[in-house]
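Asker: just need the structure, nothing else, for what follows:
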Amino acid sequence: MVIQLFPLWALLLSVLAFFQPDLFVGLKTQIVPLLTVIMLAMGLTLSPTDFKQVLKNRKAVGVGVILQFLVMPIAAFGVAFAFGFDTELTVGMLLVGSVAGGTSSNVMCYLAKGDTALSISMTAISTLIGVILTPFLVSLMIGQSVDVPVAGMLLSLLKIVLLPVAAGVLINTFFSKFVRKAEPIFPYISMFAIVLIIAIVVALSASKIVQVGLIVAAAVIIHNAIGLTLGYWVTYLLGFDARVCRTIAFEVGLQNSGLAAALAVKFFTPMAALPGTIFSVWHNISGSLLASYWSRRPVLENNSEDTSK
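Answerer: Here you go, the predicted structure:
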């Protein structure tokens, strides 16, 4: 129940950070360590088997990864252009669009009766690929307008993402019994860390949120909707069954927006972190609503959608 109310906790702490920013501004330097903890927790839930699953589902994983790193960056740029965002907010949107899928997609996929094993495999492989693709995609799409520190971002992603995830996988592999006992607390640790990151970013951007908060929220909602919609229908048109379509929809539409916010604060400005902050809250709301809808429409034996309800 506590985890399911994540959007509420994020909203409550964001309101506190907005009205009392001094409580959180001093924690700016803790954003990267907090994100490292999140990625370690993710790694602790993975095993080498999850990566082997990629080979068994090559086509689905390949399509999902291509959509992940094609649809979302282009959609982010298009939405930012349509809303007339300045460079800061455009960078923020592109960071959200260029990072890997978020771990919340695995939970949403399970609730929606998707292919959970495929979801975990896709999250794992996109996380690794994103270490390289994220800085290059941002540089490619806006590098002419703003200095994008590709090398610095790549090094940070290696430290923030690759090393903690790899450490988590190794610990889970060699100390699985201990990890199994501790696993129930991982979601709570991750939730606390991401909620605190959101609050810190809100505090850092409090003075400007009043001016642009609503319009950024609208852009984020549209961006998320594009990812979920194209993630589902492109795979449907390619002939995948309904369970795979649901899975890839969540993988494409739900981003590791906490990472996007952290990179924005570290390499750009707090304002650039605003899209990632809002996305972190919204995609859990939209994902939960969609998962609830699909959970009431089970996949039939012929793998088509049950549209009778």
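
Asker: give me the mean pLDDT for the helix or strand containing Glu251.
Answerer: Secondary structure assigned from DSSP states H and E places Glu251 in helix 242-253. For helix 242-253, the mean pLDDT works out to 93.

Asker: which elements pack onto it?
Answerer: Using 3 or more Cβ pairs under 8 Å, 6 or more residues apart in numbering; DSSP states H and E, the elements in contact with helix 242-253 are helix 58-68, helix 104-111, helix 116-142, helix 186-237, helix 274-295. From N, CA and C alone the C-beta is placed, and that goes for glycine too.

Asker: deepest in the core, which of those is it.
Answerer: Among those, helix 104-111 has the highest mean neighbour count (mean count of other Cβ atoms under 10 Å), at a mean of 24.

Asker: and the contacts of that helix?
Answerer: 115-116, 118-120, 122-123, 246-247, 250-251, 253-254, 283-284, 287-288, 290-292, 295 (Cβ atoms under 8 Å, 6 or more residues apart in numbering).

Asker: do stretch 218-228 as well
Answerer: 71-72, 75-76, 79-80, 83, 85, 89, 93, 96-97, 249-250, 252-255, 275, 278-279, 282-283, 286, 290.

Asker: dump the residue contacts of the closest residue in space to Ser205 that isn't next to it in sequence.
Answerer: Nearest-residue entry for Ser205: Pro270, 4.7 Å, with adjacent residues in sequence omitted and distances by Cβ to Cβ, 6 or more residues apart in numbering. The contact partners of Pro270, taken as Cβ under 8 Å, 6+ apart, are 201, 204-205, 264.

Asker: by pLDDT, give me the weakest of those.
Answerer: Minimum pLDDT across those falls on Ser205, with 80.

Asker: which residues does that one contact?
Answerer: 270-271, 273-274, 277.

Asker: next: Val131.
Answerer: Val131 touches 154, 157-158, 161-162, counting by Cβ under 8 Å, 6+ apart.

Asker: circling back: of the contacts of Pro270, closest to Leu23?
Answerer: Leu204 (12.0 Å; Cβ to Cβ).

Asker: residues touching the closest one, list them.
Answerer: 21, 24-25, 28, 265, 270, 273.

Asker: one more pass at 10 Å, please.
Answerer: 17, 21, 24-25, 27-28, 31, 265, 269-271, 273-274, 277 (Cβ atoms under 10 Å, 6 or more residues apart in numbering).

Asker: what of Leu274?
Answerer: Contacts of Leu274 (Cβ under 10 Å, 6+ apart): 88-89, 92-93, 201-202, 204-205, 208-209, 212-213, 216-217, 220, 261, 264.

Asker: now the helix holding Glu251: how far from the chain's centre is it?
Answerer: Centroid separation between helix 242-253 and its chain, computed with Cα atoms, centre = their mean, to the nearest Å, is 14 Å.

Asker: can you check what angle separates it from helix 274-295?
Answerer: 170 degrees (axes from the mean of the first three to the mean of the last three Cα atoms, to 10 degrees).

Asker: restricting to C-alpha, output helix 242-253 in PDB.
Answerer: Below are the C-alpha coordinates for helix 242-253, written out as PDB (Å, rounded to 0.1, in the frame of the first residue of the first chain):
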ATOM      1  CA  ALA A 242      -1.100  -8.600 -26.800                       C
ATOM      2  CA  ARG A 243       1.100  -9.500 -23.800                       C
ATOM      3  CA  VAL A 244       4.200  -8.300 -25.600                       C
ATOM      4  CA  CYS A 245       2.500  -5.100 -26.800                       C
ATOM      5  CA  ARG A 246       1.500  -4.200 -23.300                       C
ATOM      6  CA  THR A 247       5.000  -4.900 -22.000                       C
ATOM      7  CA  ILE A 248       6.700  -2.800 -24.700                       C
ATOM      8  CA  ALA A 249       4.200   0.100 -24.200                       C
ATOM      9  CA  PHE A 250       5.300   0.400 -20.500                       C
ATOM     10  CA  GLU A 251       9.000   0.000 -21.400                       C
ATOM     11  CA  VAL A 252       8.800   2.800 -23.900                       C
ATOM     12  CA  GLY A 253       6.500   5.100 -22.000                       C
END
